[in-house]
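Peer 1: need the 3D shape of this:
(chains A and B)
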Amino acid sequence: MLKFLPYILKTLWRHRARTLLTFSGAAVSLFVFCFVVALQEGLDRLTSQSDSTLVVFQANKFCPATSHLQQDYDQVISKLSGVREVVPIQVFTNNCRASLDVVVFYGVPPKKLRSVRDFELTAGSWAEFETNQDAGVVGQAVARRRKLKPGDRFSIGEVTVTVAGIFASQNKAEENYIYTHLEFLQRTPGLNLVGTVTQHEVVLDPSADPSHVAAQIDERFRGGPIQTDTRTKGTFQAASLADLVDLIGLTHYLGYACLGLMAVLILTTNFMSVQDRIREHAVLQTMGFSGELVFSLIMIESVLLSFAGGATGILTAVTVLANAGIAVSAEAVSLALTPSISLAVIGLLLSIAIGVLAGMLPALTAARTEIVPALRAA
Amino acid sequence: MLIEIRNLTKQFRKGDETITPLHDVTLDIDRGEFVSLMGPSGTGKSTLLNQIAGIDRPDSGTVTVAGTEITRLSRSRLARWRAEHVGYIFQTHNLIPVLTAYENVELPLLLLPFDRAERRRRVQIALEAVDLVDRADHYPRQLSGGQEQRVGIARAIVADPTVVVADEPTGDLDPATSEQILDLLQRLNRELGTTLLMVTHDAQAAAIANRQLRLDNGQILEIEHSLESVSSQTERH
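Peer 2: Below is the predicted model of the structure:
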């Protein structure tokens, strides 16, 4: 088949405007599809996080700005069986609603941060963070979006932080947060939150039953001044993003629509190409090209066009997702859109499948052409 | 006998009317013959040519070429047979516009088990035969009508087919160019021994063949068999 490649490529280049438009359409379709899949993968990563971490929040509160738990609850929780560590966290965000540019501060006791997170500093130093009250370590996605580097000072509302380091994390959603000292955030002018925190993060022993421990925590504070609502971290994040979850469910259809559009586009191009070449295919068959060979040539044209366009869209999407640090946030929980191998592989396989599907009918039409009437046509 | 046609009948439906361009035609063509087939437009000359070239099927009767009864071959085997045994020269050249003269001539060889070097050698010989080596890299749009037809002839002979059929090969050309093309066909027959069957409605063009046939009312009439075939001459020498 390789010896027919010059003919196939020159044929695709013959109507270059049409080919380039179809190529671009396929690229845009797969680009959008990749974003939809990345969104879904991001959500899956967030909601399927290990059950071994619980989040204790104030009952019947949904926005971090309205959840105020006693900081000393950590003393009570840490005594429960199955609890390995309790981290009190104060959350501050510039926007509780769904947005593409939310800045979320997590105030934690500085000594505990490295034990409960897998962060790796790509710039700056931990010592700088731990010794300076107003220091913060910034996730690299935020740093990229806000063009921050160690030593910079920046403010969101009343919070002004000095960047002590930039961190990377296996959990890409974490790269959209800024971690500061707990006390620093509690003392933010106008908040006056000393002694209270937004939530407690509870790290469990591997053998502990998360639902049992969660029930124990809520039971312990039932009837107290502030009741709690304890859930696994995945469930808590899914609940925080509840509105977005439905929306992301809907984007599935947008993804399928993109693929359908691409298939129709390539099918149309293939049909036009075959209609233009009725006589040419008859000449080829007169020379001895079999119907099967003509079928294969058109299928290869279709798959090449679909694959090239699709691969370009995927490559562009992967590049953008890897470098732009895009995240959707709501209720101080961020959903990171990141590229993945599975995303690229699924995209490439779909490109090939669409090429095959969209090529089938035009190729069959050309292969079944009766030579003599086709030679007389046009 | 190279080509044996027996009791060939072909009918078409045109509205309510049934047209019978070939009615019980029987014809033999020997190896190395140059046969012209004349007749007014619409008398079935091209229909007969297409039966011999294996691109159309009769309603009844048989066509046997070099011992193969091609009317019995399946569609895909017939395609394979055409690749190996038939060279077709079209009236309107029908070159592939996106391919150079070289690539157009090479196209039939891609179907046969030749490596790149052998293909190059054969294309070179075919282009030399039609005197177009210097136009090998030109695209059809860069060639004159006569040059295009010569490329079409090179494409038809490049695989050294058993029979070359030409459907009104000078129909689209001016008189001077037509003469060059007819000379070329005559030279191919005389020098290479190519068996040629040419359909034309031009009596002058038909006269260059060593055997002239006329198709009338679905029947073949032999007008003249003035010269001996190349194979007969070869055998004698």
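Peer 1: count residues in the vicinity of residue A:122, would you?
Peer 2: Neighbours of residue A:122 under the rule other Cβ atoms under 10 Å in any protein chain shown: 12. Using the backbone N, CA and C atoms, a C-beta is placed for each residue, glycine as well.
Peer 1: give me the phi and psi for it.
Peer 2: Backbone torsions for residue A:122, taken as degrees, to the nearest 10, come to phi -100, psi -10.
Peer 1: wait, doesn't it sit right on residue A:166?
Peer 2: Yes. With contacts counted by Cβ atoms under 8 Å, residue A:122 reaches residue A:166, the gap being 5.2 Å.
Peer 1: show me whatever sits in contact with both of the two.
Peer 2: residue A:140 (Cβ atoms under 8 Å, 6 or more residues apart in numbering or on different chains).
Peer 1: now do the SS call for residue A:259.
Peer 2: When classified by DSSP: H, G, I helix; E, B strand; the rest coil, residue A:259 comes out as helix.
Peer 1: make that residue A:22, sorry
Peer 2: helix.
Peer 1: what sits closest to it if chain neighbours are left out?
Peer 2: Using Cβ to Cβ, 6 or more residues apart in numbering or on different chains and skipping residues adjacent in sequence, the residue nearest residue A:22 is residue A:269, 4.3 Å away.
Peer 1: and the strand or helix carrying that neighbour, what does it pack against?
Peer 2: Assigned by DSSP states H and E, residue A:269 falls within helix A:242-276. Contacts defined by 3 or more Cβ pairs under 8 Å, 6 or more residues apart in numbering or on different chains; DSSP states H and E place helix A:242-276 against helix A:16-47, helix A:291-324, strand A:327-330, helix A:341-367.
Peer 1: that one to helix A:341-367, inter-axis angle?
Peer 2: Here helix A:242-276 points in a direction 30 degrees away from that of helix A:341-367 (axes from the mean of the first three to the mean of the last three Cα atoms, to 10 degrees).
Peer 1: now the angle from helix A:242-276 to helix A:16-47?
Peer 2: Using the same axes, to 10 degrees, helix A:242-276 lies at 160 degrees relative to helix A:16-47.
Peer 1: downstream neighbour of helix A:242-276 in the secondary structure list?
Peer 2: Following helix A:242-276 in sequence, per DSSP H and E, is helix A:278-287.
Peer 1: now do the buried residues in that following helix.
Peer 2: A:278, A:279, A:280, A:281, A:282, A:283, A:284, A:285, A:286, A:287 (16 or more other Cβ atoms under 10 Å in any protein chain shown).
Peer 1: would you turn the residues you listed into JSON lines with distance to residue B:25 and pLDDT?
Peer 2: Output for those, formatted as JSON lines (distance: Cβ to Cβ, whole Å; pLDDT from 0 to 100):
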{"residue": "A:278", "distance to residue B:25": "29", "pLDDT": "91"}
{"residue": "A:279", "distance to residue B:25": "27", "pLDDT": "92"}
{"residue": "A:280", "distance to residue B:25": "31", "pLDDT": "93"}
{"residue": "A:281", "distance to residue B:25": "29", "pLDDT": "94"}
{"residue": "A:282", "distance to residue B:25": "24", "pLDDT": "94"}
{"residue": "A:283", "distance to residue B:25": "26", "pLDDT": "95"}
{"residue": "A:284", "distance to residue B:25": "28", "pLDDT": "96"}
{"residue": "A:285", "distance to residue B:25": "24", "pLDDT": "95"}
{"residue": "A:286", "distance to residue B:25": "21", "pLDDT": "95"}
{"residue": "A:287", "distance to residue B:25": "25", "pLDDT": "94"}
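Peer 1: greatest separation within those residues: which pair is it?
Peer 2: A:278 and A:287 (15.5 Å; Cβ to Cβ).
Peer 1: residue B:177 reaches residue B:143, doesn't it?
Peer 2: No. Between residue B:177 and residue B:143 there is no contact, the gap being 11.8 Å when judged by Cβ under 8 Å.
Peer 1: from the stretch 101-250 of chain A, which residue is nearest to chain B?
Peer 2: Taking Cβ to the nearest Cβ as the measure, the stretch 101-250 of chain A has residue A:250 as its residue closest to chain B, at 44.8 Å.
Peer 1: and if you look at the stretch 151-300 of chain A?
Peer 2: Counting by Cβ to the nearest Cβ, the stretch 151-300 of chain A gets nearest chain B through residue A:288, at 2.5 Å.
Peer 1: right, I'll leave it there.
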